[in-house]
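Asker: Fold the following.
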Amino acid sequence: MSGVFRSPSSDSEFFRLSSSIILPRIWIGLWQLSSNAWGTAPLPRIREAMARHVEMGYTAFGNAEIHFGQFRQTLSPNQAVFGATKWCVFSDIEPSQKLVEAAVKDRMERMQSDRVDLLQFHWQNYSDRGYLKALEILQSLKTKGWISALGLCNFDSIRTDEICTQLGPGVISSNQVQFSLIDTRPLHGMADVCEKHNIRIVCYGVLCGGFLSEAWLNKPMPDRYSNKLTPSQRKYLDMITGAWGDWSIFQDLLRTLRTIGDSYGLSISNIATRWVLDHAFVGAVIIGTRLGISEHIKDNERVYGFKLSDDDNAALEAVLDRSNGRRLISSIGDCGAEYR
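Answerer: Have a look, this model is predicted:
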């Protein structure tokens, strides 16, 4: 697949994933369709919500292969959408040609396509360097046209540099990692690797499960075990009140975001997202949505068309300096370390 996945909005921003693929900088994350724990809507309502997003110019989607594949079949030929998926290897395997081909074919079948738009590869055990062999086979399948773009998922800086060096220029397009005002680990190494190899990160966790929003401004800290929290919120609450800092500093961050947002007429989430997008090594952000239940189509679109000023960034840094955010690279480890 190649082309420019345009948006109707003249303010929309794009980035080049590969020499032939240009994508919007906001992607719609579909991982919340994978479990009822986030709340789910009937399938027709989910399809209607996906169609609304496409009409508004959100033409790149992440994960939920079956939902995406079925939805793409309902579109007219002139409605081009882009789907990113993953192949995650958690157990020890011998990455043979047959095994790797089967993994790619499975994703092609689920997405009802003759190729995978973006395959993001994750390998759990770094001590087993079979990830290099697996990626070499994936590279050959990309050359054959089975894969349009090849990316990584939750690889750290050292391994990303190693992979890009061994495979050569232009093979790896991206690395999907967590990046936000709370989790700034990509600034410590990954940014330099991206610049060195001309790749971009695709960011998740940008809004910390919705905590970086008006909904939590001046609110007491929630009970982690409350059934009102989503799985994502429980994960990010642990980070906010544990490794990063405490709820009081987090409230100061929300108030600062609110003040900056007021100066632009924008929301807390808009400013938090813009902060991430303002980094040159960031390609796109993945905004998770509970389609048919909780969507912010219009609000997300307002992220485009402006950049934070030096004063804005200084105000945010003044709060971040009081947190342990810059020390997460030591306490948690590099990108993806929390999953290993």
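
Asker: okay, CA-based contacts and neighbour counts for the rest of this
Answerer: Will do.

Asker: how close does residue 135 get to residue 149?
Answerer: 12 Å (CA to CA, to the nearest Å).

Asker: Helix, strand or coil: sort out residue 285 for me.
Answerer: strand (DSSP: H, G, I helix; E, B strand; the rest coil).

Asker: Can you report how many residues lie near it?
Answerer: Neighbourhood size, residue 285 [other CA atoms under 10 Å]: 28.

Asker: which non-adjacent residue is nearest it?
Answerer: Once flanking residues are discounted, residue 285 sits nearest to residue 203: 4.7 Å by CA to CA, 6 or more residues apart in numbering.

Asker: show me what contacts that neighbour?
Answerer: 176-179, 282, 284-286 (CA atoms under 8 Å, 6 or more residues apart in numbering).

Asker: quick one: which of these is most hemmed in?
Answerer: residue 285 (28 neighbours).

Asker: so that residue touches residue 23, yeah?
Answerer: No. Using CA atoms under 8 Å, residue 285 makes no contact with residue 23, being 11.3 Å away.

Asker: Just put the contacts of residue 203 in CSV and tack on pLDDT and distance to residue 231.
Answerer: Below are the contacts of residue 203 laid out as CSV (pLDDT from 0 to 100; distance: CA to CA, whole Å):
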residue, pLDDT, distance to residue 231
176, 97, 19
177, 98, 18
178, 97, 16
179, 98, 18
282, 98, 25
284, 96, 23
285, 96, 20
286, 93, 17
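
Asker: closest to residue 246 among those?
Answerer: residue 179 (18.6 Å; CA to CA).

Asker: about what we covered before: make CSV out of the contacts of residue 203 and add distance to residue 71.
Answerer: Shown next, in CSV, are the contacts of residue 203 (distance: CA to CA, whole Å):
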residue, distance to residue 71
176, 23
177, 26
178, 27
179, 29
282, 28
284, 22
285, 22
286, 19
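
Asker: Which parts of the chain are strands?
Answerer: Ranges of strands in the chain, per DSSP state E, are 3-4, 14-18, 21-24, 26-29, 60-62, 82-89, 116-123, 147-153, 172-178, 200-204, 282-288.
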